[in-house]
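K.L.:
Curious how this folds, go ahead:
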Amino acid sequence: ENIFVRARSFLVFQGDVMQLARRQGSELTAMLETISGSEQLKERYTELSKDLELAQEKARMHFQHRREAETTLTLLEQQRAEVKRFQDLKAQK
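P.N.:
Residues are numbered from 1 along each chain as shown. Have a look, this model is predicted:
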């Protein structure tokens, strides 16, 4: 390729434009990533994506644990109320 992405301004020859226009799919995407400079950030993006995935999984686990704790607390409160009602009925006899 005769496209220099580091230069502030550069010439692109007609043959290069036609060759670029004929590309399709992942080949075209790779060329556009090279020209835009996003290719240089690909590794960092992948690393951050993995970190994000791990953080989301941890958040899901913490949320699930919290939900289980709240369910258990609600059940214990119901049982405590039932025991108190039983003790009140027993005391009335």
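K.L.:
only C-alpha atoms for contact and neighbour calcs from this point on.
P.N.:
Noted.
K.L.:
Do you have the helices of the chain handy? List them.
P.N.:
In the chain, the helices defined using DSSP state H lie at 14-22, 25-36, 42-92.
K.L.:
would you turn these into a markdown table with mean neighbour count and mean pLDDT?
P.N.:
What follows is the helices of the chain, written out as a markdown table (neighbours: other CA atoms under 10 Å; pLDDT from 0 to 100):
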| stretch | mean neighbour count | mean pLDDT |
| --- | --- | --- |
| helix 14-22 | 11 | 78 |
| helix 25-36 | 13 | 84 |
| helix 42-92 | 12 | 96 |
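K.L.:
List the contacts of residue 81.
P.N.:
Residues in contact with residue 81, defined by CA atoms under 8 Å, 6 or more residues apart in numbering, are absent; none qualify.
K.L.:
now it: how far from residue 88?
P.N.:
Distance, residue 81 to residue 88, by CA to CA, to the nearest Å: 10 Å.
K.L.:
before we move on, what about residue 49?
P.N.:
Relative to residue 88, residue 49 is positioned 58 Å away (CA to CA).
K.L.:
One more: residue 25?
P.N.:
With the distance defined as CA to CA, residue 25 ends up 76 Å from residue 88.
K.L.:
do the same with residue 63
P.N.:
In this view, residue 63 and residue 88 are 37 Å apart by CA to CA.
K.L.:
Measure how far stretch 80-92 is from the centre of its chain, please.
P.N.:
On the basis of CA atoms, centre = their mean, to the nearest Å, the separation between the geometric centre of stretch 80-92 and that of its chain is 50 Å.
K.L.:
Right, I'll leave it there.
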